[in-house]
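# Pasting a predicted model and its sequence here:
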Amino acid sequence: MVKRLFQLIEREISGLHEAAYLLGFFAILSQVLGFFRDRLLASNFGAGEALDVYYAAFRVPDLIFILSASVVSLSVLIPFLSRKREEGKAAARVFLDSVFSAFFIFILLVSFVSFLAAPGLTRLLFPGFTAEMSLATALLMRIMLLQPIFLGISNLLASITQLERRFFIYAVSPVLYNLGIIIGVFFFYPVLGLAGLAWGVVLGAILHLAIQVPVIFRTGMMPRFFLPRDLSLIKDVVLVSLPRTLALSLQHITVLVLTTLGSLLGVGSIAVFNLSWNLQSVPLSIVGVSYSLAAFPTLAGFWNKGDTKTFGVTLSAAVRHILFWSVPALVLFVVLRAQIVRTVLGSGAFDWSDTRLTAAALALFAASVVAQSISLLFTRAYYAAGKSNTPLFIALGSALITVC
């Protein structure tokens, strides 16, 4: 029985739609847990100070994760690993060890500096917070700085599982991440207070990493730490990933700016923004993210072979499927926004005023779901083709428009 379970988990999935449906199923499961997580938070705290502090504390660790972990992201590493594996397993091993070691050193240094600077960063980034809220945000931020370390390593390992087409492992990781946060709300918060919520986030990141480790060991590609001497491999990866890192960083910097503005708008503004954003992310995760992730290894393979015709056909098919699923979701979320918010979040301390504000924000966010989903796919297609500058310029324009 156990053997069959491991065979199911480690099964190779080669078809685009089969992979997309698997990723989509687990995205739904992850979002169901996400609903449960947000409902617990909303019912316990409402759209008030506690949730403002909790969501604000995420911003710096998330930005660190993007700045560092995007260097070892799937979009960057899969084309490199694909080429290195053609040279032999030894070449792929040296490449992985070098990238892992450089990443680990960098993210530890950045997290340590951020840990020391947390109180100052909190006062600078969230000027509307009271002194008590700033202290609580700094505490949670310091705990959550463990998150980008674990998630970054997990992200690196995921490039191997995706290249091996072990999509089941990659798909279940976000489920375990949300499960860790729920455990934090249920068990850590009653004992540790708000700090317990942060430790739940750290537990989720650890579970996100732990599920990948057994499979990586079986492939014989578990990265090993050493002080890298040949920096040429790392330099190549950084140069390729830099536009993507900047593009993703612009998105998170935009959210950080909006959170900063939210701290000046009154208590609960940050909570309403994040809760509505999480709700609109459901169709985006299930449809847009699933198809873009499933299509990326296939698109990269076709481009590397010079088969641009099949590349275009595959991209076109993915766009049609995204439209088929995301347009009805957009209509549903706009028409039933109040009912969705009340059903998912409406309990305990989350009152009708919170519901109205969150529903209004959800309707505005939902209008962009189709565009976001297709944009994710096109971005992956550009990365598969090695053209990473175009998504950067698009992200820069989008960030400027959003902030303005």
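Everything's here; your move.

# State the helix or strand in which residue 168 lies.
Using DSSP states H and E, residue 168 sits in helix 167-183.

# list the helices and strands that helix packs on?
helix 2-9, helix 16-45, helix 146-163, helix 194-210 (3 or more Cβ pairs under 8 Å, 6 or more residues apart in numbering; DSSP states H and E). (Glycine included, C-beta is placed from N, CA and C.)

# What mean pLDDT does it get?
Mean per-residue pLDDT for helix 167-183: 82.

# Just the angle for that helix relative to helix 16-45, thanks.
0 degrees (axes from the mean of the first three to the mean of the last three Cα atoms, to 10 degrees).

# moving C-terminal of helix 167-183, what's the next helix or strand?
Counting by DSSP H and E, what follows helix 167-183 is helix 189-192.

# Mind listing residues that contact that next one?
44, 196, 197, 199, 200 (Cβ atoms under 8 Å, 6 or more residues apart in numbering).

# Tabulate these (TSV), appending distance to residue 105, neighbour count and pLDDT.
Formatted as TSV, the contacts of helix 189-192 follow (distance: Cβ to Cβ, whole Å; neighbours: other Cβ atoms under 10 Å; pLDDT from 0 to 100):
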residue	distance to residue 105	neighbour count	pLDDT
44	39	16	85
196	30	19	92
197	29	25	91
199	25	22	94
200	28	25	93
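
# Max pairwise distance over these: which two?
Distances among those were taken as Cβ to Cβ; the most separated pair is 44 and 199, at 15.9 Å.

# And the strands in the stretch 251-400 of the chain, which stretches?
Counting by DSSP state E, counting those that start in this stretch, one finds no strands in the stretch 251-400 of the chain.

# Look up how far residue 396 lies from residue 404.
Going from residue 404 to residue 396 by Cβ to Cβ, to the nearest Å gives 13 Å.

# ok, now residue 187?
According to Cβ to Cβ, residue 187 and residue 396 sit 43 Å apart.

# Residue 45 now?
For residue 45 relative to residue 396 (Cβ to Cβ), the value is 36 Å.

# Kindly report the same for residue 264.
25 Å.

# closest to residue 291 out of the helices and strands packed on helix 167-183?
helix 16-45 (5.0 Å).

# what does the average pLDDT come to for the helix or strand that comes right after that closest one?
Using DSSP H and E, the helix or strand that follows helix 16-45 towards the C-terminus is helix 49-69. Throughout helix 49-69, pLDDT has a mean value of 86.

# from here on, count from 51
In the new count, where the first residue is 51, that last one comes out as helix 99-119.

# for helix 99-119, packing partners?
Judged by 3+ Cβ pairs under 8 Å, 6+ apart, helix 99-119 is in contact with helix 66-95, helix 139-175, helix 181-194, helix 196-213, helix 244-260, helix 282-313, helix 319-333.

# I'd like to know how many residues surround residue 174.
By the other Cβ atoms under 10 Å criterion, the neighbourhood of residue 174 contains 11 residues.

# residues near the residue lying closest to residue 81 once chain neighbours are set aside, how many?
The shortest distance from residue 81 to any non-neighbouring residue, by Cβ to Cβ, 6 or more residues apart in numbering, is to residue 332 (4.7 Å). Residue 332 sits with 22 neighbouring residues when counted by other Cβ under 10 Å.

# Would you agree residue 332 is in contact with residue 79?
No - counting by Cβ atoms under 8 Å, residue 332 stays clear of residue 79, with 11.7 Å between them.

# picking that back up, could you check the angle helix 244-260 makes with the helix holding residue 218?
Using the same axes, to 10 degrees: helix 217-233 against helix 244-260 is 170 degrees.

# Could you tell me how far helix 217-233 lies from the centre of the chain?
Relative to the chain's own centre, helix 217-233 is displaced by 12 Å; criterion: Cα atoms, centre = their mean, to the nearest Å.
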